[in-house]
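Q: model this:
(one chain, ligands or ions: 1)
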Amino acid sequence: MLNIFKKNNSPIRLDQVGVDMHSHLIPGIDDGVGSLEESVESAKLLYNIGYKHVITTPHIMADYYPNTPEIIKNGLAEVQKAVKEANIPITIDAAAEYYLDYTFYENFKKENLLPINDKFLLFELSFLNPPQILNEMIFKIQTAGFVPILAHPERYSYWFRDFQKFRDLKDRGVWLQANINSFANEYGVPTRKLAEKLAREGLIDLLGSDFHRIQHIQSMQKALTNNHLKNLISSGQLKNYMLAPE
Ligand SMILES: [Fe+2]
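A: Take a look at the predicted model:
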């Protein structure tokens, strides 16, 4: 009998995923954690569920969070220091989550970016309107030598009835990163169902916590009992390990 039909409510641990590559743990620079204490507590919670390495990814969004690599690196240094002082044995690095708008598209310069491990660029789309310049942006990112990673594809409701879109993105060389919490109805039932379908069809390259605040851990723990997510994590197909430096 297939795993998904067995009743098993125990949560899976994230040791085998190893690296979390999407979160908002630098206080005060986006809609993520609100204090250094919350950063440390979040790092501890992520360590407790199995992560050894977190690459935190503050938003860079011209209209709301005009962060720069320098702002992010300065914030990272403070978080690293606090996590070390708290004796939590987890490695914290930082990159950015880029919001696709015309500012990002037009000002795109390889040397001004903060990619993951020098090679991967995490970007997100509007939740309201389908992107107009998606293919041009993907091309630009790839021409600069980066692998584009699309954040939480399962959350863009304008694609709920357009599953082929995800195959097209994969064909273009885009990696798809699902949020763990999508498997716990954090963002509604259609998002959970789409995440499960993407997992079943083998289209998810990466899992991210997209951790914003400590309350987030509750739906993460719930998601970690979802059999579709458990099968994905056990499948060995996730590429999170490729994002950490050797
Ligand atoms: Fe995010």
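Q: tell me the pLDDT of K6.
A: Listed pLDDT for K6 reads 56.
Q: and for N9?
A: Confidence at N9, expressed as pLDDT, is 82.
Q: then the one 3 residues further on?
A: Looking at I12, its pLDDT is 96.
Q: mind listing what it touches?
A: Residues near I12 by C-beta atoms under 8 Å, 6 or more residues apart in numbering: 224-225, 229-230, 233-234. To be clear about C-beta, it is placed using only N, CA and C from the backbone, and glycine gets the same treatment.
Q: which of these are buried? Put it as a ChimeraX command.
A: Buried subset of the contacts of I12, written as a ChimeraX selection, criterion 16 or more other C-beta atoms under 10 Å:
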select :224,229,230,233
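Q: out of the contacts of I12, who's nearest S157?
A: Closest to S157 out of the contacts of I12 is L229 (20.6 Å), distances taken as C-beta to C-beta.
Q: ok, that closest one touching I204?
A: No - judged on C-beta atoms under 8 Å, L229 makes no contact with I204 at a distance of 9.6 Å.
Q: common neighbours of the two, please.
A: With C-beta under 8 Å, 6+ apart as the test, L229 and I204 both reach A195.
Q: so the residue lying closest to D93 once chain neighbours are set aside: helix, strand or coil?
A: Among residues not flanking D93 along the chain, I55 sits closest, at 4.7 Å (C-beta to C-beta, 6 or more residues apart in numbering). Assigned with DSSP: H, G, I helix; E, B strand; the rest coil, I55 falls in the strand class.
Q: next, format the contacts of I12 as CSV and append distance to F127, secondary structure and pLDDT.
A: Below are the contacts of I12 laid out as CSV (distance: C-beta to C-beta, whole Å; DSSP: H, G, I helix; E, B strand; the rest coil; pLDDT from 0 to 100):
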residue, distance to F127, secondary structure, pLDDT
L224, 25, coil, 97
T225, 27, coil, 96
L229, 22, helix, 98
K230, 27, helix, 97
I233, 26, helix, 97
S234, 30, helix, 96
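Q: most widely separated two among the contacts of I12?
A: The span of those, defined through C-beta to C-beta, is set by T225 and S234 at 13.5 Å.
Q: list the contacts for the residue nearest to D93?
A: By C-beta under 8 Å, 6+ apart, the contact list for I55 reads 19-23, 92-95, 116-117, 243-244.
Q: for I138, grab phi and psi.
A: In terms of degrees, to the nearest 10, the main-chain angles of I138 are phi -60, psi -40.
Q: can you tell me how far it is from E111?
A: Separation of I138 from E111 (C-beta to C-beta, to the nearest Å): 20 Å.
Q: compare neighbour counts for the two and give me the winner.
A: Neighbour comparison, I138 and E111: the larger count goes to I138, with 20 against 6 (by other C-beta atoms under 10 Å).
Q: quick check: that one touching D171?
A: No - with contact defined as C-beta under 8 Å, I138 does not reach D171; the gap is 11.0 Å.
Q: and the biggest helix by length in the chain, what does it pack onto?
A: Ranked by residue count, the top helix of the chain under DSSP state H comes out as helix 69-85. Packing contacts for helix 69-85, counted by 3 or more C-beta pairs under 8 Å, 6 or more residues apart in numbering; DSSP states H and E, involve helix 36-48, strand 91-94.
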